[in-house]
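Participant: Here is my input; please provide its structure:
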Amino acid sequence: MYPILFRIGSFEIGTYGLLLAFGFLAALWLAKRLARKDGIAPDAVVDISITLLVAGILGSKALMIVVDLFRGESLSRVFSLDTLRAGGAVHGGILLAATAFFWRVRSLKLPLRKTLDTLVAAVPLGQAIGRLGCIAAGCCFGTWCEMPWAIVFHNHEAERFGTPIDLPLHPVQLYFGISNLVILAILLRFRQYKKFSGQIAAMYFILEGVFRIVLETWRGDIDRGVWLDISWLSTGRLTALIFILIGCGIWAWSIKVAEIKKA
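Facilitator: Here you go, the predicted model:
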């Protein structure tokens, strides 16, 4: 693991942040290609994507702060430099970015469901690359693993995330990255067969939620929060359930709109 890619004096370039930036640019590149195929102006996609980036960062930080406060962390700890430099809770970023998306699409007067399909189809690519940053930083680590593909962290800088050092762990970051690539392949393949606009976006939210519920089984950073005193209901599973509900809602809404247009 390489949490710090290089240093120039006291200035550090973190591997995690660099890979997040690369993931965003890769997703933006794919979204622009899909936009051309869908008849949407690529410049509009860039505009919306920048809005989503800002909202995603703020949402990730906000959910992380809420979880830490819910756990009873002190304000000095929650708003410390190390904590604020962490990536945050990804689903919080996606939820706030989704809200920002509806606002920006409306202001640009773009077809809502069609634009949603175009942009969302590219999201898993950025997520998959971002998960490599998790490995580099040592965050979002897994539980004890006795399988031959176990991963062992040696860099003690990861201890600020509570990462166990010199112990074999499930490479859950890779599990999530692979699941993102699987979702990406499904969405890109299904685009040519979709029955109505909004279907691709609905599929993303449902698939992301289902994969997250399953893969949380091997997450070791349980200090992210347990809700309602239910041991299995982690923050990740709670937001995953919200994702599935959002996906089902988009699916039902899109079908209803399509039926109204046919009538």
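Participant: ok, the spatially closest residue to Ile242 that is not a sequence neighbour - how many residues close by?
Facilitator: Nearest non-adjacent residue to Ile242, counting by Cβ to Cβ, 6 or more residues apart in numbering: Leu95, 7.2 Å away. Glycine gets a C-beta too; all of them are placed from N, C-alpha and C. Residues within reach of Leu95, counting by other Cβ atoms under 10 Å, total 20.
Participant: gap between Leu52 and Phe153?
Facilitator: Here the criterion is Cβ to Cβ, to the nearest Å. By it, Leu52 lies 31 Å from Phe153.
Participant: Settle it for me: which of those two has more neighbours?
Facilitator: More crowded of Leu52 and Phe153, by other Cβ under 10 Å: Leu52, with 25 against 22.
Participant: Leaving out chain neighbours, which residue sits closest to that one?
Facilitator: Leu52 sits nearest to Ala97 (Cβ to Cβ, 6+ apart), 4.3 Å away.
Participant: OK, contacts around that neighbour?
Facilitator: By Cβ atoms under 8 Å, 6 or more residues apart in numbering, the contact set of Ala97 is Leu52, Leu53, Ala55, Gly56, Gly59.
Participant: Mind listing what's buried along the host helix or strand of Gln173?
Facilitator: Taking DSSP states H and E as the criterion, the element that holds Gln173 is helix 172-190. Of the residues in helix 172-190, those buried by neighbour count under the rule 16 or more other Cβ atoms under 10 Å are 172-177, 179-181, 183-184, 186-188.
Participant: In TSV: those, plus distance to Ile255.
Facilitator: Rendered in TSV, the data for those read as follows (distance: Cβ to Cβ, whole Å):
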residue	distance to Ile255
Val172	35
Gln173	36
Leu174	36
Tyr175	32
Phe176	30
Gly177	32
Ser179	26
Asn180	26
Leu181	28
Ile183	21
Leu184	24
Ile186	20
Leu187	18
Leu188	22
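Participant: Strands of this protein, start to end?
Facilitator: According to DSSP state E, the chain carries its strands in the segments 4-8, 11-14, 151-152, 168-169.
Participant: For the longest one, what does the pLDDT average out to?
Facilitator: What that stands for is strand 4-8. Along strand 4-8, the predicted confidence averages to a pLDDT of 67.
Participant: thinking again about what came up before, cross-check the contact I'm expecting between the residue nearest to Ile242 and Leu58.
Facilitator: No - checked against Cβ atoms under 8 Å, the pair Leu95 and Leu58 is beyond contact range at 11.0 Å.
Participant: show me what contacts the residue nearest to Ile242?
Facilitator: When contacts are counted by Cβ under 8 Å, 6+ apart, Leu95 touches Gly59, Leu63, Thr239, Ile242.
Participant: now Gly247
Facilitator: Ala201, Ala202, Met203, Tyr204, Phe205, Ile206, Leu207, Gly209.
Participant: What's the separation between the fifth one and Ala27?
Facilitator: Remark: distance between Phe205 and Ala27 (Cβ to Cβ) = 16 Å.
Participant: Pull the number of nearby residues for Tyr193.
Facilitator: Taking other Cβ under 10 Å as the neighbour definition, Tyr193 ends up with a count of 7.
Participant: tell me the pLDDT at it?
Facilitator: So, for Tyr193, pLDDT stands at 90.
Participant: and what of Ala41?
Facilitator: At Ala41, the pLDDT value in this model is 92.
Participant: per-residue pLDDT, the nearest residue to it once chain neighbours are set aside?
Facilitator: Taking Cβ to Cβ, 6+ apart as the measure, Ala41 lies nearest to Ala35, with 7.1 Å between them; neighbours along the chain are not counted. The score at Ala35 is 95. That number is its pLDDT.
Participant: Equivalent analysis for Phe70, please.
Facilitator: We have a pLDDT of 69 for Phe70.
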